[in-house]
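**Q** dropping the sequence and predicted coords here.
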Amino acid sequence: MNPAAFLSHLRNLLGPLLALLLLVAHTHAANPTVSTRLAKDRITLDDITLLVLTVTDAGKMRLPEFNVPGLQITYRGQSQQFRLDNNGRTQTLQLTFEVRPLAEGTHTIPAIPIETNAGQITTQPLQVSVLPPAPAPQPPNAGQNPPPTGAASADPQQTSSAFAELVLPKKEAYIGEPVEVELRLHVDSRITWDIEHRPVIQGEGFTAEKIPNPQKYNRYRQANGVFYDAAIFRTALSPSRAGTLSIGPAEVPFLAQNPNERPSQGGGLFDMFFGQVLSGGSLRQYRIAAPVVQLEVKPLPVTGRPKSFSGAIGSFELHTQATPLKAAVGDPITMKFVVEGRGNFDRVSAPELIEQKGWRTYPPNTQFQPGNELGTSGSKQFEIAVIPDSPQSKAPLFEFSYFDPEKARYITLTSNPLPLQIEGTSPAQTSTSGATPSTAANSQPPQPPPATVPNDIHGILYDPLPPTASLQPLYTSRAFLLAQLLPSAALGAWVLTRCCRPNNSANRSKHLQTQKRRLLSALATEQNRTAFFQGAVDFARTHFALASGRDPLTFDLGPLRDDSSLPPQKRQALADLLNTHAELAYAGHSQSGRTTTLSEQEREKILALLTTIESPHGNS
Amino acid sequence: MAIADFLRRLPLALCCLLVLLLVPAPARAADANPFDQACSAYDRGDFPAAKQAYDQLLATQGWNPTLLFNLANTEFRSGALGRAALLYQRTLWIAPTHRQAADNLHIALERSGTPNPPRDWTAPLHSKPARDLATLGTALSLWALLASIAFLLLARTRRTIAASLITLASLVGSATCGILLVHNIREDSIALVTTAQATARLAPADRASIAAQLTAGTPVHILSVRGDWTYCTLPNDSQGWLPSASLEELLPIGAR
């Protein structure tokens, strides 16, 4: 016997021997208990499940034997645990059976009697439902792409046991358009395998999202009578240049058991539990490369590109809300836009205000809710505060543009013209207080009234620039300083006029003296009585103007009576003179009856009177 | 005959063609309004471009409340809260009733952690319109005072009571306007902290003891300047030295 054959024979003997020793070792059983459970109680016809019997403190026992119609139950092994605590030693034995359905329907696993040292214990009956076999999920091109017999493999022996493929949903795309890619690894279902780490898709001209954990499928597909399990990695590529892009190869590393070293089907107990360990390195690393696939990338068309296009590519819908629906001019209205659909949401920007007249806007608050783990679907929400500058009846219109790769054209979505009531100076009202039931149902809960100072700054001003103010202070401006010349000149001139006027009193006195002399000489020769008395009165007025400094015309009977500087006789004589002059001037005659002729006696008398008043105080 | 006529007129036609070619082409359509370009850059979120455009407009057009306000918003969005507060203050200095600037200044100071000064009736007194009004009032009342005094001294009339009342009113008016003007001019020494934080020290040295920590937008009164340090009256009425680079005066030299 060669050494290899001896070791193999010894291995086959050691398994049952050890199990027997474990059973024999525990003869001091007390209060044995048993429980059963099924790993799955609903399986398909092509699936299997495990039945686990857990026996505690059973001591020495025998393997139960039972058959269930419609089910093939095969003993697969056992495990044993010992636990020491204050209550003593506890022994737990787990027996595992493979349950393979043979027919559809509900099958009952009856109560199983187990013989132990302490007597017979019985399990609870269990039911298992067997469903028709589920169709394996078919990839989009499963029928066109059977597992290649010569798929790239690190191990030639695995050529028909595993293969990988890159699956693109389309062969043409536009620059920037997210293309969801599946990298599928198929491994023979009979092989124990697992993913070692995430693969990397090689290639240039595109960017790829981070590859999340794969989804695993048992018996994902069948080819040539072999079932294949699958691990599917999903990611999204975004082409960055036009032309034909080569995507891949993508190498998937995984660990698998070498089929040549795996235990034989239906082998002994030792093979099931120790074969892998004793075989040494039976789990090996393999790398399967998915072949390159081509993607034709086209540039976005230039014609018809809207101004509001920001690079969004896909298929989107735009939903609009506004709140409050009633407000005053100057109060903020919150416009809520939801862009949902599929596409490159990283390029989806906020809708743009079409007509800015009458509205001011603030930068939006953005929130993205991804619909899948790649972020290629979902909804992006924008909240934009708009402030009406004038009374309005409708919400401002916003537009959002994107490129639809299916329709190969740009599409512009416009927000709904929601009815609003913006009043001039009325206080803000929330939508619940005044909105119609239909609109109130669509609107958000009422917001608190706007504070005096908003949380965000007012936006920039778009109005035409007002005239620029001069920074120069007024008191340093030349115009202002020149303007001061005007009042200074006026004031100076007035002061000069007042200060530089000649000696008026002297001139006046001189003038009056001259006038007196002229009047006196005229009186000496005047023959007309009226003119004589007029000249005499003028002389008297001039005299008193000289004496008092007053205006000559202010001399009359009143001031004459008040003048105490004259003797009473002269005051009376002057009063007679004034009366006679008044009679002649206003009545045309005097009481004496003479109207025109002046006697020499009367002339002498009046001239004497006038001469005497010239003397100081008129005393002479 | 026709050919001869054509040849005779050919030189004239060539001259006309030459003149047409030499006439400068009509001016290209005017470029977009720089103000609109600046606003568009702001709307796009291209704040550096918007800031550059507004700065150029301010340099060419002088201080304009709209330009100052928009530039302040640009600085605010860029995170320069101190500069934003300074520009809002300048906007209010030119247009004291600018409600948006007052609100935004409030927000900028709140964001920078600077206490907001109370906005009472005295707030508009430190503004250019108030200064011009005070200047005009002072001048008018001084002239009225001089004229009434001259009238009292030189006029030979008995209307001294009215003249005295006018003199008294002019005296009160000129004093009031003068005080307002002096108060307004005193505020010219105000500077604002434009950096996120500034450390006021007791001496003009980096290692001197700290007098106060000031946040962006804090107003100080400049007392003197020594090298790279500025001696200021701090908000708590103490004095300290601040790095000149952390300050910017509210009014440039030409505005005083």
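**A** Noted; the coordinates are in hand. Here the structure is a predicted model, which means the values were calculated and not measured.

**Q** show me how chain B divides into domains.
**A** If you go by automatic domain parsing, the domain ranges for chain B are B:34-118, B:126-188, B:194-255.

**Q** can you put those in a markdown table and add mean neighbour count and mean pLDDT?
**A** Quick note: C-beta positions are derived from backbone N, CA and C, even for glycine. Below are the domains of chain B laid out as a markdown table (neighbours: other Cβ atoms under 10 Å in any protein chain shown; pLDDT from 0 to 100):
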| stretch | mean neighbour count | mean pLDDT |
| --- | --- | --- |
| domain B:34-118 | 20 | 88 |
| domain B:126-188 | 16 | 85 |
| domain B:194-255 | 17 | 89 |
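
**Q** can I get the ones you listed in JSON lines with distance to chain A?
**A** Formatted as JSON lines, the domains of chain B follow (distance: least, Cβ to the nearest Cβ, whole Å):
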{"stretch": "domain B:34-118", "distance to chain A": "4"}
{"stretch": "domain B:126-188", "distance to chain A": "4"}
{"stretch": "domain B:194-255", "distance to chain A": "4"}
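
**Q** look up phi and psi at A:Pro214.
**A** The phi/psi pair for A:Pro214 (degrees, to the nearest 10) reads phi -80, psi 160.

**Q** quick check, A:Gln515 in a helix?
**A** Yes: per DSSP: H, G, I helix; E, B strand; the rest coil, A:Gln515 lies within a helix segment.

**Q** tell me who's in contact with it.
**A** By Cβ atoms under 8 Å, 6 or more residues apart in numbering or on different chains, the residues touching A:Gln515 are A:Asp538, A:Thr542.

**Q** apply 6 Å and report the result again.
**A** A:Thr542 (Cβ atoms under 6 Å, 6 or more residues apart in numbering or on different chains).

**Q** what ranges of chain A fall below the confidence cut-off?
**A** A:1-30, A:85-87, A:134-160, A:258-283, A:425-455, A:464, A:469, A:501-505, A:588-596, A:614-620 (pLDDT under 70).

**Q** and it, which residues reach chain B?
**A** With Cβ under 6 Å from any Cβ of the partner chain as the criterion, chain A meets chain B at residues A:453, A:457-458, A:460-462, A:465, A:468-469, A:471, A:474-475, A:487, A:491, A:495, A:498.

**Q** who wins on neighbours among those?
**A** Among the residues of chain A next to chain B, A:Ile457 has the most neighbours (other Cβ atoms under 10 Å in any protein chain shown), with 25 neighbours.

**Q** and that one, which of the three is it?
**A** Under three-state DSSP, A:Ile457 comes out as coil.

**Q** whichever helix or strand A:Val187 is part of - contacts with which helices or strands?
**A** Here A:Val187, judged by DSSP states H and E, is contained in strand A:179-188. In terms of contacts (3 or more Cβ pairs under 6 Å, 6 or more residues apart in numbering or on different chains; DSSP states H and E), strand A:179-188 is packed against strand A:162-167, strand A:226-239.

**Q** now for the helix or strand following that strand, which elements pack on it?
**A** Using DSSP H and E, the helix or strand that directly follows strand A:179-188 along the chain is strand A:193-195. Secondary-structure packing of strand A:193-195 (3+ Cβ pairs under 6 Å, 6+ apart): strand A:243-257.

**Q** the strand it packs on pairs with which strands?
**A** Its sheet considered, strand A:243-257 pairs with strand A:193-195 (antiparallel), strand A:200-203 (antiparallel), strand A:283-290 (antiparallel), strand A:293-298 (antiparallel) by DSSP bridges.

**Q** relative to A:Pro567, which of these is closest?
**A** Minimum separation from A:Pro567 across the strands paired with strand A:243-257 (Cβ to Cβ) falls at strand A:293-298, 134.6 Å.

**Q** contacts for that closest one?
**A** Strand A:293-298 is contacted from outside by A:166, A:168, A:172-175, A:239, A:242-245, A:247-248, using Cβ under 6 Å, 6+ apart.

**Q** and the strand holding A:Val187, how far from the chain's centre?
**A** 38 Å (Cα atoms, centre = their mean, to the nearest Å).

**Q** next: stretch A:48-59.
**A** 60 Å.

**Q** buried stuff in it?
**A** Under the neighbour-count criterion of 16 or more other Cβ atoms under 10 Å in any protein chain shown, stretch A:48-59 has A:Thr49, A:Leu51, A:Val52, A:Leu53, A:Thr54, A:Val55, A:Thr56, A:Asp57, A:Ala58, A:Gly59 buried.

**Q** got the residues you listed as JSON lines, with distance to A:His319 columns?
**A** Below are these laid out as JSON lines (distance: Cβ to Cβ, whole Å):
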{"residue": "A:Thr49", "distance to A:His319": "47"}
{"residue": "A:Leu51", "distance to A:His319": "53"}
{"residue": "A:Val52", "distance to A:His319": "53"}
{"residue": "A:Leu53", "distance to A:His319": "58"}
{"residue": "A:Thr54", "distance to A:His319": "56"}
{"residue": "A:Val55", "distance to A:His319": "62"}
{"residue": "A:Thr56", "distance to A:His319": "61"}
{"residue": "A:Asp57", "distance to A:His319": "66"}
{"residue": "A:Ala58", "distance to A:His319": "66"}
{"residue": "A:Gly59", "distance to A:His319": "71"}
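
**Q** as CSV, the residues you listed with secondary structure would be great.
**A** Listed next are the buried residues of stretch A:48-59 as CSV, based on three-state DSSP:
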residue, secondary structure
A:Thr49, strand
A:Leu51, strand
A:Val52, strand
A:Leu53, strand
A:Thr54, strand
A:Val55, strand
A:Thr56, strand
A:Asp57, coil
A:Ala58, coil
A:Gly59, coil
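
**Q** closest to chain B out of those?
**A** A:Thr49 (59.1 Å; Cβ to the nearest Cβ).

**Q** tell me the domain ranges of chain A?
**A** Using automatic domain parsing, chain A is parsed into the domains A:22-131, A:156-297, A:311-442, A:505-618.

**Q** quick check: the gap between A:Leu374 and B:Pro124.
**A** A:Leu374 sits 58 Å away from B:Pro124, going by Cβ to Cβ, to the nearest Å.

**Q** neighbour count: these two, which is higher?
**A** Just comparing A:Leu374 and B:Pro124: by other Cβ under 10 Å the higher neighbour count belongs to A:Leu374, 18 against 15.

**Q** do you know how far that one is from chain B?
**A** Note on A:Leu374: its distance to chain B, by Cβ to the nearest Cβ, to the nearest Å, is 27 Å.

**Q** do a quick rundown of the helices in the chain.
**A** Because you didn't say which chain, this covers chain A. Assigned by DSSP state H, chain A shows helices spanning A:3-24, A:269-279, A:431-434, A:437-442, A:478-483, A:485-500, A:504-525, A:529-548, A:557-562, A:568-582, A:600-614.

**Q** oops, chain B please
**A** Per DSSP H, chain B carries helices over the ranges B:2-22, B:34-44, B:47-61, B:65-78, B:81-94, B:99-112, B:128-154, B:160-186.

**Q** now the first one: average pLDDT?
**A** Taken as a whole, helix B:2-22 carries a mean pLDDT of 67.

**Q** returning to that earlier point: could you dump the helices and strands packed on strand A:179-188 to JSON lines with mean neighbour count?
**A** Listed next are these as JSON lines, based on neighbours: other Cβ atoms under 10 Å in any protein chain shown:
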{"stretch": "strand A:162-167", "mean neighbour count": "24"}
{"stretch": "strand A:226-239", "mean neighbour count": "20"}
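
**Q** reformat the ones you listed as CSV; add distance to B:Trp63.
**A** Converted to CSV, the helices and strands packed on strand A:179-188 look like this (distance: least, Cβ to Cβ, whole Å):
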stretch, distance to B:Trp63
strand A:162-167, 64
strand A:226-239, 48
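
**Q** how about those strands, which one is nearest B:Gly79?
**A** Per Cβ to Cβ, nearest to B:Gly79 of these: strand A:226-239, 30.8 Å.

**Q** sorry, back to before: for A:Ala312, which of the domains of chain B is the nearest?
**A** domain B:34-118 (16.1 Å).

**Q** span of the closest one from start to end?
**A** Using Cα to Cα, to the nearest Å, the end-to-end distance of domain B:34-118 comes to 36 Å.
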